[in-house]
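> Next one to model:
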Amino acid sequence: MPTIYRDHGWRGPVPADVTSEARTSDTRIIQSPFDVIAVLLLLFPLYGLFYPLESYLAVGTKGGSPVGGLPFPVTPVTLLLITAAVMLFYRKIIETRPFNHDILLYMFVATAFLSFLWSPEPQFSFQRALRLIPSIGIGLVFAQYYSTRRMVQLMSLALLISGPVSILVPLFSPAYGLSNLGNGYESAWRGAHVHKNFAGFLYSYGVVIILFAWRWKVIPLWLALSSVTTALIMCLMAKSATGIISMVFSLILAVVFTLVRKAPREFRIPILLTLLMLVVFSALLISINLEFIVGLTGRDLTFTGRTQIWASVWAEIQRQPFLGHGYGFWNMTDNPVRDMLWKNIRDTAAHSHNSWLDICLQLGLAGFIPFLGMTLLAIWRVFKLLIVTERRDVIMFLSLLIYLLMRSFSEVQFTDPGIFQLFWLVWIAASLRQIDFATVAAAKKGLRRPAERPSGADPLPTAARAPLST
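I've put the predicted structure just below:
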């Protein structure tokens, strides 16, 4: 059984190797009521399955009414239930060890809430900021409660539920399951999700996770095959070229860094620098042949009109560079700045089509700087751990992180109205922080001074107490 150690005000597990835990005889995915709650949480705010329910039940893309016209506040009730579930996990964690907070992330969230002070619609901005709580809260508690092994098991099960449902919805009710977006996407499937881009992201991202879980032998073959098959079907039916390209690139990256890991540690930094030079050289080649390469994805050099949106958004950012125009900028009913922006681009764009521009537009430098800091820390930690540890889950975190960053340049993922992918960045950053702190504690203290557990407190499950080294 792993021992818990204390160092620098942090108590956490000492990293080990995946093989010891992955070969345990207990391969059950659902082991406690908390696991059931975890799968339900994954289905709601993270995968977008029926969340927010009003958006799914609305016929068409937006502006519809819930089926039957029931005046039931689905989103507020859902937020309350999710918040209560997060508190259950939080209380279970602090029974055994202090909770590890992320100040930079909290600064970003605080800016979103405080933006009601300068927003054109104060109440709307505050309400929209509340939607950040599920993704952030669940990401933080999952990173500290579950090991990587347990987490990918639960994610694979959630995908097995989400995938078939999203395939059945368009088959039995095309009005709900098709995107109806126009511009060649009339037949694109959104399944049981609010948008076909969310579906494309989820299932291409899910394929990467499932393949890692199968390679580590932490899920049975039938679960891996079923989940991957339904995920690939949804990727193709959602017509998500960006998702598929990012998925392939992430998997190639995983193979490359797996080979790097086989090299002696003293050679890893030179190899990484060589790979960086190759990336720069490749970027130059791509820039020279950009029109041809972009054409292969079915787009043009304007990236289906995105460049015009980026230029107009950048102009608005320069008018309010420090605080932005208020959180929830795009969905406000009375927003003259947004209306003027729509007039300039001659389109009612739903967002900036760039995560970083959108953060600056809504929250200015006050929100952008802490969010960028959290992201850069995650990038630093993943490369540091890749060099100094033998944990194979670091390669998965690197692949998923690169995927998020690639997609962030063409879609909005971390702010309203595209907050569904915020969980993944928070979970990855928090998990890397746990691993990094544990590695430093083990190296500096030589595995000394076991922490005392509060008297009368029930210990966490072994998998929760010991994040998996994979």
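
> okay, stretch 128-146 in PDB with CA atoms only?
As requested, the backbone C-alpha atoms of stretch 128-146 are provided in PDB (Å, rounded to 0.1, in the frame of the first residue of the first chain):
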ATOM      1  CA  ARG A 128     -22.700  32.800 -17.200                       C
ATOM      2  CA  ALA A 129     -19.700  32.800 -14.900                       C
ATOM      3  CA  LEU A 130     -21.600  30.300 -12.700                       C
ATOM      4  CA  ARG A 131     -21.200  27.800 -15.600                       C
ATOM      5  CA  LEU A 132     -17.500  27.700 -15.000                       C
ATOM      6  CA  ILE A 133     -17.900  26.000 -11.600                       C
ATOM      7  CA  PRO A 134     -18.700  22.400 -12.900                       C
ATOM      8  CA  SER A 135     -15.700  22.100 -15.300                       C
ATOM      9  CA  ILE A 136     -13.200  23.700 -12.800                       C
ATOM     10  CA  GLY A 137     -14.500  22.000  -9.700                       C
ATOM     11  CA  ILE A 138     -14.700  18.600 -11.200                       C
ATOM     12  CA  GLY A 139     -11.300  18.900 -12.800                       C
ATOM     13  CA  LEU A 140      -9.600  19.800  -9.500                       C
ATOM     14  CA  VAL A 141     -11.300  17.100  -7.400                       C
ATOM     15  CA  PHE A 142     -10.900  14.300 -10.000                       C
ATOM     16  CA  ALA A 143      -7.100  15.100 -10.300                       C
ATOM     17  CA  GLN A 144      -6.800  14.600  -6.500                       C
ATOM     18  CA  TYR A 145      -9.200  11.800  -5.900                       C
ATOM     19  CA  TYR A 146      -8.600   9.500  -8.800                       C
END
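
> could we number from 54 for the rest of this?
Sure, I'll start numbering at 54, so the last one becomes stretch 181-199.

> Mind listing what's buried along it?
181-182, 184-199 (16 or more other CB atoms under 10 Å). Using the backbone N, CA and C atoms, a C-beta is placed for each residue, glycine as well.

> And the helices in the stretch 154-303 of the chain, which stretches?
Under the criterion DSSP state H, counting those that start in this stretch, the stretch 154-303 of the chain contains helices at 156-167, 175-182, 185-198, 201-225, 227-230, 249-268, 274-290, 294-314.

> Return the residues in contact with the residue nearest the centre of the chain.
The residue lying closest to the centre of the chain (CA atoms, centre = their mean) is Trp477, at 2.1 Å. Neighbouring residues of Trp477 by CB atoms under 8 Å, 6 or more residues apart in numbering: 99, 192, 258, 453, 457.

> Please report how far the nearest residue to the third one once chain neighbours are set aside lies from Ile297.
Computed as CB to CB, 6 or more residues apart in numbering, the closest residue to Tyr258 that is not its neighbour in sequence is Tyr456, at 6.3 Å. In this structure, Tyr456 and Ile297 are separated by 11 Å, where distance is defined by CB to CB, to the nearest Å.
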